[in-house]
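> just need the structure, nothing else, for what follows:
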Amino acid sequence: MKKITLFSDGSALGNPGPGGYGVVLRYGDSEKELFGSEAHTTNNRMELLAVVEGLRALNEPCDVDIISDSSYVVKGINEWLDAWKKREFKKVKNPDLWKDYISVAHGHRIKAIWVRGHNGHVENERCDKLARDAAQEMKDSL
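Purely as a prediction, here's the structure:
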């Protein structure tokens, strides 16, 4: 299995409001950046969408380290997801995106790792800029 590092971040201007996400995928010395936006969303949705879109971009099963400054995403993946599935996502925020996550995560070995945001972590800062720029571009287009 290829070893991939997926760095991700999300942003919402207004929360809810225009939002964006940013992803850096790293395999060896190669990197790929992804970003996108939505007109009306929340920060947590964008944090999770970043992970979903990053995983969706992988073409084969991989060993993936997800690096995120979102406790919601990291704890959701590492701690809460099994219980949420058992109760069929009742009283869970963003069930649509968690179900998308389950679908795109299938076949991968995933470990989610939390990093402190806005703390000089180079890739996290890059993802934050991609996410904020995408959110701002969406806001400007509305």
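
> only C-alpha atoms for contact and neighbour calcs from this point on.
OK.

> OK, contacts around the residue of the chain most remote from its centre?
Distance from the C-alpha centroid of the chain peaks at L142, with 23.8 Å (CA atoms, centre = their mean). Neighbour list for L142: A39 [criterion: CA atoms under 8 Å, 6 or more residues apart in numbering].

> in what helix or strand does D100 lie?
If you go by DSSP states H and E, D100 is part of helix 95-105.

> what does H40 give?
Judged by DSSP H and E, H40 forms part of strand 30-41.

> could you report the neighbour count for E123?
Neighbour count for E123, taken as other CA atoms under 10 Å: 18.

> the longest helix in the chain is where?
The longest helix of the chain (DSSP state H) is helix 122-141.

> so A135 sits against L13, correct?
Yes. Using CA atoms under 8 Å, A135 makes contact with L13 at a distance of 6.8 Å.

> okay, the two: which has more neighbours?
More neighbours surround A135 than the other of A135 and L13, with 30 against 19 (other CA under 10 Å).

> OK, contacts around that one?
By CA under 8 Å, 6+ apart, A135 lies in contact with S11, A12, L13, P18, G19, G20, Y21, S37, E38.

> so which of the residues you listed wins on neighbours?
Of all these, the highest neighbour tally under other CA under 10 Å goes to G20, namely 36 neighbours.

> neighbouring strands for the strand or helix carrying that residue, and are they parallel or not?
Element membership for G20 (DSSP H and E) is strand 17-27. Counting by DSSP bridges, the strands paired with strand 17-27 are strand 2-12 (antiparallel), strand 30-41 (antiparallel).

> for it, C-alpha coordinates in CSV please.
C-alpha atoms of strand 17-27 as CSV (Å, rounded to 0.1, in the frame of the first residue of the first chain):
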residue,chain,number,x,y,z
GLY,A,17,-21.8,31.4,5.6
PRO,A,18,-19.6,31.0,2.5
GLY,A,19,-17.0,28.3,3.1
GLY,A,20,-14.0,26.6,1.6
TYR,A,21,-11.7,23.7,2.1
GLY,A,22,-8.1,23.0,1.3
VAL,A,23,-6.2,19.7,1.0
VAL,A,24,-2.5,18.8,0.4
LEU,A,25,-1.9,15.2,-0.6
ARG,A,26,1.6,14.0,-0.3
TYR,A,27,3.1,10.8,-1.7
